[in-house]
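In: I need the structure of the sequence given here:
(one chain, ligands or ions: 1)
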Amino acid sequence: MYDFKIAASDKQTLYRDLLSALEGLTTGEPDAIANMANAAALIWESLPDLNWAGFYRNVGGELVLGPFQGRPACIRIPFGKGVCGTAAASLQVQRIVDVHAFPGHIACDSASESELVVPIVRDGELLAVLDLDSPQKARFDAEDEAGCVALCGLLARLL
Ligand code: SME
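Out: This next block holds a predicted model:
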């Protein structure tokens, strides 16, 4: 088991450490599922106040549940549906302050209050989305978004 102990108090350092840990964990490993599994575990262990962290993969134009940490979740999400499907259809990050105010939000876990979904895109093609849920309203700020976009930039080369 790897013990990274990433616990910087400022978010810039936290995400820089997280990115270098993810680089270390994935270097030389070509298996996409293994890399997503370790990324989900690393994020879950390192970021506070999450109740779900994981991936939905683009399987033939539909999002299908990938490696994650948290409670069992809905398995298939059509493009355009919910927060994840909106990120998939638009290829735009969705940073949702209050999921209850998002039309069509899919409540996999009733504890979720805010959500961040980052598309993972290579050569214009959606590979997967990273989905983070929090039991706190407005848990994710612009620094979380920038940090997760950087993690997904690395993952885009690995999936
Ligand atoms: N809330 C998401 C569904 C996935 S779960 O949060 C794990 C959505 O609206 O797309």
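
In: Centre-most residue in this protein?
Out: residue 130 (2.5 Å; Cα atoms, centre = their mean).

In: what secondary structure does residue 69 sit in?
Out: Put simply, residue 69 is strand when judged by DSSP: H, G, I helix; E, B strand; the rest coil.

In: how close does the nearest residue to residue 148 once chain neighbours are set aside get to residue 5?
Out: Nearest non-adjacent residue to residue 148, counting by Cβ to Cβ, 6 or more residues apart in numbering: residue 118, 4.8 Å away. To be clear about C-beta, it is placed using only N, CA and C from the backbone, and glycine gets the same treatment. In this view, residue 118 and residue 5 are 24 Å apart by Cβ to Cβ, to the nearest Å.

In: Which of those two has more residues huddled nearby?
Out: Neighbour tally, residue 118 and residue 5, criterion other Cβ atoms under 10 Å: the higher count belongs to residue 118, 25 against 9.

In: Next, count neighbours for the residue in the chain that the ligand sits nearest to.
Out: Closest to the ligand within the chain is residue 82: 2.8 Å, counting by Cβ to the nearest ligand atom. Taking other Cβ under 10 Å as the criterion, the count of residues near residue 82 is 25.

In: so how many other residues sit close to residue 157?
Out: Using other Cβ under 10 Å, residue 157 has 10 neighbouring residues.

In: Could you list the contact residues of this protein toward the ligand?
Out: Counting by Cβ under 6 Å from any ligand atom, the chain comes close to the ligand at 52, 73-74, 77, 82-85, 105-106, 108, 112, 115, 131, 133.

In: Only the buried subset of those, as a ChimeraX command please.
Out: Remark: buried members of the residues of the chain next to the ligand, expressed as a ChimeraX selection using 16 or more other Cβ atoms under 10 Å:
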select :52,73,77,82,83,84,85,105,106,108,112,115,131,133
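
In: So which residues of the protein form helices?
Out: Remark: helices assigned in the chain by DSSP state H are 11-26, 32-46, 82-90, 142-156.

In: Put the alpha carbons of the second one into CSV.
Out: It refers to helix 32-46. Provided in CSV are the C-alpha atoms of helix 32-46 (Å, rounded to 0.1, in the frame of the first residue of the first chain):
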residue,chain,number,x,y,z
ALA,A,32,-6.8,2.8,-17.6
ILE,A,33,-8.9,1.0,-14.9
ALA,A,34,-5.9,0.7,-12.5
ASN,A,35,-5.0,4.3,-13.0
MET,A,36,-8.6,5.5,-12.4
ALA,A,37,-8.9,3.3,-9.3
ASN,A,38,-5.7,4.7,-7.8
ALA,A,39,-6.7,8.2,-8.7
ALA,A,40,-10.1,7.8,-7.0
ALA,A,41,-8.5,6.4,-3.9
LEU,A,42,-5.8,9.1,-3.8
ILE,A,43,-8.4,11.9,-4.1
TRP,A,44,-10.7,10.3,-1.6
GLU,A,45,-7.8,10.0,0.9
SER,A,46,-6.5,13.5,0.3
